[in-house]
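Engineer: Let's see this in three dimensions:
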Amino acid sequence: MIQPRIAFIGAGNMAKSIIGGLLAEGTPAQTVTASGPRTETLQPLQAATGVNITTSNSDAARQADIVILAVKPQMLKAVAAELSAALAHRPLIISLAAGITTDSIGRWLGGDQAIVRCMPNTPSQLRQGASGLFANAQVSAEQRANADAILRAVGVVQWLDDEALLNPVTAVSGSGPAYFFLFMEAMIEAGEAMGLSRESARELTLQTALGAAMLARDSDVDVSELRRRVTSPKGTTEQAILSFEQDKLRETVARAMNACSARAAELSEQLGQ
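Structural biologist: Residues are numbered from 1 along each chain as shown. A predicted model of the protein is given here:
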């Protein structure tokens with residue numbers, strides 16, 4: 001099987017995470033190219049991974065079977081205009097830019113491009129990411145499989161049939177790590193206020209979060225049942241859960257996630273002009 005050549009347009013943290021995952025999965029470094037505006041910022045990546053580097057986005061794209069757009073959303077329109085002349089060979093385009101629709105990307109690239117839009121998240125840095133993907137009508141079955149393999153190298157993947165659902169994905173997994181960080185932050189502060197040292201409160205909180213997530217992931221029962229199993233009648237956990245419920249935690253979470261999804265939709269309109 002011929003290994004596709006992959007070009008990363010932009011070499012920031014998410015690009016580096018995916019490159020690391022691909023190499024760990026056996027992708028040859030010589031088939032990967034990363035482009036960026038400054039050689040001095042690309043050289044450490046090349047030294048660490050052995051991938052090719054270039055300061056020419058067009059050169060990187062022209063030689064690639066798969067072009068991964070890993071630039072900030074505000075930069076994507078200008079980058080796409082620069083790339084459009086280098087895409088006559090119709091490579092697969094994978095966009096990591098939040099909020100920019102496949103229609104907008106296709107228009108900026110000159111039309112008729114196979115585009116997969118992806119919403120990854122920051123745990124991809126540890127190959128524990130969660131990504132939502134949407135493919136436009138031009139994406140072939142082989143290209144879809146290639147996109148799937150690339151994102152699975154850094155975590156789990158969920159494909160969507162409706163591009164608009166990437167907004168809820170943003171609310172669940174794209175922004176989701178921040179919600180858990182906030183909850184852990186609150187637990188650490190509360191533990192410290194009750195007399196624990198900050199170091200103890202932090203270690204206990206983070207290990208509890210990690211253990212709970214692993215237990216939920218590896219269990220064959222729903223998280224609601226796992227919660228019930230920890231919550232003994234008239235016990236200590238029940239008192240905390242009752243307090244959360246009285247303070248309408250579920251409604252608070254739903255309201256926050258709806259606000260996140262609405263903002264994602266708003267940014268899609270603003271940035272896609």
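
Engineer: Can you name the residues that contact residue 7?
Structural biologist: By C-beta atoms under 8 Å, 6 or more residues apart in numbering, the contact set of residue 7 is 32-35, 60-61, 63-64, 66-68, 91. All C-beta spots, glycine's among them, are computed from the backbone N, C-alpha and C.

Engineer: if you look at those residues, which of them are in strands?
Structural biologist: Per DSSP state E, strands hold the following members of those: 32-35, 66-68.

Engineer: on that earlier part again, just give me the closest of the contacts of residue 7 to residue 240.
Structural biologist: Nearest to residue 240 among the contacts of residue 7: residue 68, at 43.7 Å, using C-beta to C-beta.

Engineer: Which strand residues bridge that closest one?
Structural biologist: Bridge pairing for residue 68 (DSSP bridges) gives the partners residue 8, residue 94.

Engineer: That one contacts residue 97, correct?
Structural biologist: No - with contacts counted by C-beta atoms under 8 Å, residue 68 stays clear of residue 97, the gap being 10.5 Å.

Engineer: the more surrounded of those two?
Structural biologist: Between residue 68 and residue 97, counted using other C-beta atoms under 10 Å, the more crowded position is residue 68 (28 against 23).

Engineer: circling back: just give me the closest of the ones in strands among the contacts of residue 7 to residue 266.
Structural biologist: Comparing these against residue 266 with C-beta to C-beta places residue 68 closest, at 25.4 Å.

Engineer: where does that closest one land on pLDDT?
Structural biologist: According to the prediction, residue 68 has pLDDT 98.

Engineer: And it, how close does it get to residue 117?
Structural biologist: 12 Å (C-beta to C-beta, to the nearest Å).

Engineer: got any residues that touch both of those two?
Structural biologist: 94-95.

Engineer: List the residues that contact the most centrally placed residue in the chain.
Structural biologist: Per C-alpha atoms, centre = their mean, the C-alpha nearest to the average position across the chain is that of residue 120, at 1.2 Å. When contacts are counted by C-beta under 8 Å, 6+ apart, residue 120 is found next to 14, 18, 96, 129-131, 151, 154-155, 174.

Engineer: again, only using 10 Å
Structural biologist: Neighbouring residues of residue 120 by C-beta atoms under 10 Å, 6 or more residues apart in numbering: 14, 17-18, 70, 96, 98, 129-133, 151, 154-155, 157, 169, 173-174.

Engineer: now could you export just the CA positions of the top helix by length along the chain as PDB?
Structural biologist: Secondary structure assigned by DSSP state H gives helix 249-271 as the longest helix of the chain. The C-alpha coordinates for helix 249-271 follow below in PDB (Å, rounded to 0.1, in the frame of the first residue of the first chain):
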ATOM      1  CA  LEU A 249     -26.100  21.500  38.300                       C
ATOM      2  CA  ARG A 250     -27.700  19.800  35.200                       C
ATOM      3  CA  GLU A 251     -29.400  23.000  34.100                       C
ATOM      4  CA  THR A 252     -26.200  25.000  34.600                       C
ATOM      5  CA  VAL A 253     -24.200  22.600  32.500                       C
ATOM      6  CA  ALA A 254     -26.900  22.500  29.700                       C
ATOM      7  CA  ARG A 255     -27.100  26.300  29.700                       C
ATOM      8  CA  ALA A 256     -23.300  26.700  29.500                       C
ATOM      9  CA  MET A 257     -23.100  24.100  26.600                       C
ATOM     10  CA  ASN A 258     -25.900  25.800  24.700                       C
ATOM     11  CA  ALA A 259     -24.100  29.100  25.000                       C
ATOM     12  CA  CYS A 260     -20.900  27.500  23.700                       C
ATOM     13  CA  SER A 261     -22.700  25.900  20.700                       C
ATOM     14  CA  ALA A 262     -24.400  29.200  19.900                       C
ATOM     15  CA  ARG A 263     -21.100  31.000  19.900                       C
ATOM     16  CA  ALA A 264     -19.600  28.400  17.600                       C
ATOM     17  CA  ALA A 265     -22.500  28.900  15.200                       C
ATOM     18  CA  GLU A 266     -22.000  32.700  15.400                       C
ATOM     19  CA  LEU A 267     -18.300  32.500  14.700                       C
ATOM     20  CA  SER A 268     -19.000  30.300  11.700                       C
ATOM     21  CA  GLU A 269     -21.100  33.100  10.200                       C
ATOM     22  CA  GLN A 270     -18.600  35.800  11.100                       C
ATOM     23  CA  LEU A 271     -15.400  34.000   9.900                       C
END
